[in-house]
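Enquirer: the sequence isn't on hand, but the structure is:
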């Protein structure tokens, strides 16, 4: 297969012929979907399998993955986003289909635009449970969240294929199990979803309630990049989101409320490696035929640019109606300014849900232009974070959960 060693444009990608295709990637290769604006920053080897409109399907080696990670949003002048690792899906597809340009195009097409919605009900988002939400706010414990972040960041380098990555997952799982016992909840199930055969770290899933109604889900990713050259505590990315989800879960559990809909809290593995963990979680939900009403992703909630309290909402690769509802929730309950920004293709795990046909949305700590440029480095530490900003995101998480899950008692 022809190896490309030069910077490409979308036009040159689109001119790839079927002659450049062979029998599929070698075992050491990974296959990803990425926008050309990300690929152009690569200087190493990669193979183009397909290109259509705004995305390309390429095969890369491990060094290429590292370059894609390095090229992600902290260094981009404008939102380009990240990439989605589709290695396992491509291997299954190519095992069943000849690797031709036509078939590669067919495979890539499913990632070009959100899959048709899987919703089976008409959705009207409204504010209905203000008393219950405000009662839950009285249970917030910001200091506990800060203490949990201290513990989490001590798992330096929570890389998805590392011992610390696994330890962090086990710690999160034990935290929720302890909460369930503390608050005498017998309707809590905590389990893990394996991240394929390439990563040791599993995703952690906690289900509250036994209803079969379409679920409400909040998630964040627990992993960091590999600390090959320096320790990466990942306080903001995404330690802040991880403990925001955890404090939201603790608040909901301690409230004693029961809900019409089940609630899922998810801590994803291997987000930094191309949304691998969330892709397996979405696949697991589909395999089990678990309906989902709404998804919110919390990826980086602690950095307040110049101490500005604004809540930013991502407006690309999300569900427009659900995102507008987040604005309603912020205005009603958090009472901070709401602004909009973009983050590009596959910038976090909400993209796996969007691609899978589920309604997802993502609030953010800052605009793209004023993001925390210490992420992905040893400088991503707690000293740069605002506990009050993180607490605002817990309030949003609690409001999102209570309003959409619909308390019954």
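Expert: Nice, thanks for sending it over. What you are looking at is a predicted structure, and each value in this text was computed from that prediction instead of being measured.
Enquirer: domain assignment for the protein?
Expert: Residue ranges for the domains of the chain, per automatic domain parsing: 10-109, 130-405.
Enquirer: what about the last one, how long is it end to end?
Expert: Translated: domain 130-405. 13 Å (CA to CA, to the nearest Å).
Enquirer: chain center to it, what's the gap?
Expert: 8 Å (CA atoms, centre = their mean, to the nearest Å).
Enquirer: picking up where we left off before, nearest to residue 118, out of the domains of the chain?
Expert: Within these, the stretch nearest residue 118 is domain 130-405; the backing value is 4.1 Å (CB to CB). The C-beta positions use only the backbone N, C-alpha and C, and glycine is treated the same way.
Enquirer: circling back to that earlier point, mean pLDDT lowest for which of the domains of the chain?
Expert: Lowest mean pLDDT within those: domain 10-109, at a mean of 80.
Enquirer: what's the helix or strand for the nearest residue to residue 269 once chain neighbours are set aside?
Expert: Leaving out its chain neighbours, the residue that sits closest to residue 269 by CB to CB, 6 or more residues apart in numbering is residue 277, at 3.5 Å. For residue 277, the element it lies in under DSSP states H and E is helix 276-287.
Enquirer: show me which residues of that helix are buried.
Expert: 276-283, 285 (16 or more other CB atoms under 10 Å).
Enquirer: sorry, back to before: could the domains of the chain go into CSV alongside distance to residue 123?
Expert: As requested, the domains of the chain are exported to CSV (distance: least, CB to CB, whole Å):
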stretch, distance to residue 123
domain 10-109, 26
domain 130-405, 7
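Enquirer: contacting residues around residue 257?
Expert: If you count contacts by CB atoms under 8 Å, 6 or more residues apart in numbering, residue 257 has them with 132, 136, 402, 407, 409.
Enquirer: buried stuff in stretch 212-226?
Expert: 214-226.
Enquirer: of these, closest to residue 128?
Expert: Using CB to CB, those come closest to residue 128 at residue 216, 14.0 Å.
Enquirer: is it true that that closest one touches residue 264?
Expert: Yes - assessed by CB atoms under 8 Å, residue 216 is found in contact with residue 264 at 7.3 Å.
Enquirer: pairing partners for the host helix or strand of residue 217, with directions?
Expert: Residue 217 belongs to strand 215-221 when assigned by DSSP H and E. Here strand 215-221 is paired, per DSSP bridges, with strand 263-268 (parallel), strand 292-297 (parallel).
Enquirer: does the residue nearest to residue 269 really touch residue 205, like I thought?
Expert: No - look at residue 277 against residue 205 with CB under 8 Å: they stay out of range, at 10.5 Å.
Enquirer: any common contacting residues for the two?
Expert: By CB under 8 Å, 6+ apart, the residues touching both residue 277 and residue 205 are residue 193.
Enquirer: which strands or helices does the helix or strand hosting residue 339 pack on?
Expert: According to DSSP H and E, residue 339 maps onto strand 338-341. When contacts are defined as 3 or more CB pairs under 8 Å, 6 or more residues apart in numbering; DSSP states H and E, strand 338-341 sits against strand 311-314.
Enquirer: centroid residue for this structure?
Expert: In the chain, the residue lying closest to the centroid (CA atoms, centre = their mean) is residue 349, at 2.1 Å.
Enquirer: contacting residues around residue 118?
Expert: 291-292, 356-358.
Enquirer: could you do residue 157 as well?
Expert: Contacts of residue 157 by CB under 8 Å, 6+ apart are 164-165, 224-227, 231-232.
Enquirer: so what's it closest to, chain neighbours aside?
Expert: residue 227 is the one closest to residue 157 (CB to CB, 6+ apart), at 3.4 Å.
Enquirer: what of residue 263?
Expert: With CB to CB, 6+ apart, the residue lying closest to residue 263 is residue 208, at 4.3 Å.
Enquirer: let me see the backbone angles for the one you found.
Expert: phi -110, psi 120 (degrees, to the nearest 10).
Enquirer: and if you look at residue 378?
Expert: Dihedral angles for residue 378 - degrees, to the nearest 10 - are phi -70, psi -10.
Enquirer: that one touches residue 235, doesn't it?
Expert: No - taking CB under 8 Å as the contact criterion, residue 378 and residue 235 are not neighbours in contact, 10.7 Å apart.
Enquirer: so which of the two has more stuff around it?
Expert: The residue with more neighbours, out of residue 378 and residue 235 and counting by other CB atoms under 10 Å, is residue 235; that gives 27 against 14.
Enquirer: what sits against the nearest residue to the more buried one once chain neighbours are set aside?
Expert: Closest residue in space to residue 235, ignoring its immediate chain neighbours: residue 382 at 4.6 Å, by CB to CB, 6+ apart. Applying CB under 8 Å, 6+ apart, one finds that residue 382 lies in contact with 146, 149-150, 153, 233, 235, 302.
Enquirer: who wins for neighbours among these?
Expert: Result: residue 302 is most packed of the contacts of residue 382 (other CB under 10 Å), 29 neighbours.
Enquirer: where do the strands sit along the stretch 51-200 of the chain?
Expert: 55-60, 84-85, 188-193 (DSSP state E, counting those that start in this stretch).
Enquirer: okay, these in a markdown table with mean neighbour count and distance to residue 36 next?
Expert: A markdown table is the format used below for the strands of the stretch 51-200 of the chain (neighbours: other CB atoms under 10 Å; distance: least, CB to CB, whole Å):
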| stretch | mean neighbour count | distance to residue 36 |
| --- | --- | --- |
| strand 55-60 | 24 | 6 |
| strand 84-85 | 24 | 14 |
| strand 188-193 | 17 | 32 |
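Enquirer: check contacts around the residue nearest to residue 269.
Expert: 160, 193, 195, 199, 201-203, 221, 223, 268-271, 349.
Enquirer: cutoff 10 Å now
Expert: The contact partners of residue 277, by CB atoms under 10 Å, 6 or more residues apart in numbering, come to 160, 169, 193-196, 199, 201-204, 219, 221-223, 266-271, 349, 352.
Enquirer: what do you get for residue 343?
Expert: By CB under 10 Å, 6+ apart, the neighbours of residue 343 are 73, 79-82, 299, 312, 314-318, 350-351, 362, 364, 367-368, 371.
Enquirer: please redo it, this time with the cut-off set to 7 Å
Expert: Neighbouring residues of residue 343 by CB atoms under 7 Å, 6 or more residues apart in numbering: 73, 79, 81, 314, 316, 368.
Enquirer: from residue 362, how far out is the second one?
Expert: When distance is defined by CB to CB, to the nearest Å, residue 79 is 13 Å away from residue 362.
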